[in-house]
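1. One predicted model, sequence on top.
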Amino acid sequence: MSKRRLLLATTNQGKVREIKNLLRGLCLRIESLKDYPQYGSYKETGRTFAENSCGKSLFYSQQYPGLVLAEDSGLEVDALAGAPGVYSARFSGAGATDEKNIKKLLRLLTEVPEKNSKARFVCVATLSSGGKIIKTFKGTVRGLITPLPRGANGFGYDPVFFYPPLKKSFAELTASEKNQVSHRGRALRKVREFLEKYLSKNSTPPTRTKKQ
């Protein structure tokens, strides 16, 4: 069976690694936007993760000859009325980096007791093809924001996102441990389950030659 093509609509190599691990074993040739700079970049103007995820998926599926998987994800902190939300990646403004975003977040939470620093990671993934949405998927995980970064793994806000059931920050978890409980892991397991059925249903059967 020939492999179907799947474009991961992101240049974030941390996300690419996580998604490839979660979709490993499927009959897919997985690529990312790093392989297609000519596609340009989609400007995220949505007010929700779902709007950005759907818009991004549709934009690239009009150019890519295969399936497109786009996701928008971020951190929502209760004490900050849901911020940084859809602005998670650019929370600290122009030239934002993971380190700058974390510093701004912790500065805003200086007067908030750790027990009250409830937060959640949210991921909305959208699968499209030929300019049409096939299906959307959502994953959420709840935790607390720590007063200081902990751990050296992961990316984004992982060092300050504490997951009570495992008593570790996301940056203290192995990639495998994180994929089992993370917002992206939960959304992508739904994507994987769907794709297993979708690829089987939409596969092209081998051509049979007639007996002479």
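-> In hand now; what should we look at? Numbers count the residues shown, from 1 in each chain.
2. Mind checking what helix or strand follows the lowest-mean-pLDDT helix or strand in the chain in sequence?
-> Considering only helices and strands, the least confidently modelled element of the chain by mean pLDDT, DSSP states H and E is helix 13-22, at a mean of 88. Stepping forward along the backbone from helix 13-22, the first helix or strand reached (DSSP states H and E) is strand 28-32.
3. tell me which residues in the helix or strand that that next one is followed by are buried?
-> Following the chain from strand 28-32 toward its C-terminal end, the next helix or strand by DSSP H and E is helix 49-61. Judged by neighbour count (16 or more other CB atoms under 10 Å), helix 49-61 contains these buried residues: Phe49, Ala50, Asn52, Ser53, Cys54, Gly55, Lys56, Ser57, Leu58, Phe59, Tyr60, Ser61. No exception for glycine: its C-beta is placed from N, CA and C like everyone else's.
4. out of the residues you listed, who's nearest Thr140?
-> Distance ranking of these against Thr140, using CB to CB, places Phe49 first at 10.1 Å.
5. That closest one contacts Ala125, doesn't it?
-> No: no contact is recorded between Phe49 and Ala125 when judged using CB atoms under 8 Å, the distance being 9.5 Å.
6. give me the low-pLDDT residue ranges for this protein?
-> 1-2, 203-212 (pLDDT under 70).
7. which residues of it fall in helices?
-> In the chain, the segments counted as helices under DSSP state H are 13-22, 49-61, 98-108, 175-181, 183-201.
8. To Asp158, which of those helices lies closest?
-> For those, the distance to Asp158 is smallest for helix 175-181, at 7.7 Å, taking CB to CB.
9. Now the closest one: buried residues?
-> Glu177, Lys178, Asn179, Val181.
10. Please identify which of these is nearest to Ile19.
-> The closest of these to Ile19 turns out to be Asn179 (CB to CB; 9.7 Å).
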